[in-house]
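1. model this:
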Amino acid sequence: MSTQKISDIDGVLVSRSMRHVRPAHYIFKIKSFSLLSEFDVEKWESNDFDSGGYKWGLSLYPNGDEERNGNGHISLYLVIRDTNSLPPGWEVYVQFKLFAFNHIQDKYLTVQDVEGKTRCFRAMKTKWGFPQFLSLDSFQNTQSGYLLDDSCEFGAEVFVIKYDGKGECLSIVKEPSDNTFTWKIDKFSTITDINLRSEEFIVGGHKWQLLLYPRGPPKSNGENICLLLVAVDHAKLLPHRKLYVKFKLWVRAQVGHAHHEEEACFGFSTSSREWGFSDFMELSHLKDPSEGFLVKDTLVVEAEIMAMSVLRKFP
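-> Numbering: from 1, shown residues only. Model (predicted):
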């Protein structure tokens with residue numbers, strides 16, 4: 001779109017610019033435009049067109065709307081139609097643009113309220129537009145490009161601002177209920193499996209699980225345990241949506257209070273179902289009897305969901 005020009009018409013700021021794209025909702029062509037004056041046509045009403053669930057029309061004053069200071073101009077308005085079918089006290093909020101085609105530039109003059117101002121159509125105000133849409137001097141000048149072989153073209157785009165009751169509310173819930181899980185692993189030193197999975201647990205309406213690699217993940221040096229939080233039902237998430245979680249994982253010291261813990265934040269998704277720490281804790285530290293992490297060859301692992309994103313649709 002070309003550079004915007006702004007004018008003040010009787011205290012109303014109007015924007016004018018040029019663009020290649022045709023109007024989205026209605027085109028109104030007139031052939032033998034000069035005959036409108038010969039027939040003394042004060043106003044011409046277009047046929048109805050639909051947009052946003054309402055019926056609309058264009059109202060054209062080929063010699064200007066004198067009542068609204070449109071002398072010497074073409075006046076063009078958007079009119080709401082078929083209002084008898086609307087409920088008492090109806091109001092329709094709209095942002096709209098009106099157009100005139102320039103045959104020389106092969107572009108549309110685009111006229112609208114500055115900054116897309118919203119207009120309210122109601123029983124006492126069924127039309128909005130521009131009494132000084134385009135000066136007759138410019139319009140009738142063949143070098144301007146709006147009249148070609150006594151033919152011209154106007155158009156409209158109408159965007160109804162209508163709330164349809166759909167929406168969503170995103171919140172971050174701190175310390176959701178039942179947000180801790182404890183996993184006791186017996187006979188830890190005899191485990192030969194590459195990894196272990198805990199029972200599933202539910203926090204915030206989602207299923208979770210802990211994943212432990214007793215000697216670290218494959219291809220690691222085998223000197224650390226790996227501990228991950230898994231979103232079991234990650235496939236239920238929308239492809240473009242993430243479930244953001246702040247969580248803490250720890251190995252509990254069964255003697256004393258020197259627990260080993262790590263904290264993380266992560267956005268779980270359909271393609272990212274687990275997150276945690278590949279080098280959560282050194283095995284030598286874990287197995288040190290003086291630290292009290294392994295008692296009677298039992299390891300106690302815990303998880304806490306500290307905060308998580310919650311999305312609710314409304315109403």
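
2. okay, CA-based contacts and neighbour counts for the rest of this
-> Fine.

3. what about the helices in the stretch 201-315 of the chain?
-> 283-286 (DSSP state H, counting those that start in this stretch).

4. assess the claim that Phe181 and Arg252 are in contact.
-> No - using C-alpha atoms under 8 Å, Phe181 and Arg252 do not qualify as a contacting pair, with a distance of 12.0 Å.

5. give me the common contacts of those two.
-> Applying C-alpha atoms under 8 Å, 6 or more residues apart in numbering, one finds that Phe181 and Arg252 are jointly contacted by Glu302.

6. look up how far Ala156 lies from Gln105.
-> Taking C-alpha to C-alpha, to the nearest Å as the criterion, Gln105 is separated from Ala156 by 19 Å.

7. Val41: which element?
-> Using DSSP states H and E, Val41 maps to neither a helix nor a strand.

8. now the helices for the stretch 1-150 of the chain?
-> So, for the stretch 1-150 of the chain - with DSSP H, counting those that start in this stretch - the helices run 34-38, 136-140.

9. pLDDT on stretch 249-269, on average?
-> Summarised as a single mean, pLDDT over stretch 249-269 is 93.

10. more crowded one of Gln105 and Ala156?
-> For Gln105 versus Ala156, the count of surrounding residues by other C-alpha atoms under 10 Å is larger for Ala156: 24 against 14.

11. OK, contacts around the more buried one?
-> Contact criterion C-alpha under 8 Å, 6+ apart gives 23-27, 58, 78, 96-99 as the residues in contact with Ala156.

12. confidence score at it?
-> Per-residue confidence (pLDDT) for Ala156: 98.

13. look up the closest residue to it, ignoring the ones flanking it.
-> Counting by C-alpha to C-alpha, 6 or more residues apart in numbering, the nearest residue to Ala156 once its immediate chain neighbours are dropped is Leu98, at 4.6 Å.

14. what about the one you found, distance to Asp186?
-> 76 Å.

15. so for those two, which sits in the more crowded spot?
-> Set side by side, Leu98 and Asp186 show more neighbours around Leu98, with 25 against 15, by other C-alpha under 10 Å.

16. ok, that one touching Trp128?
-> No - proximity of Leu98 to Trp128 does not meet the contact threshold set by C-alpha under 8 Å, at 10.6 Å.
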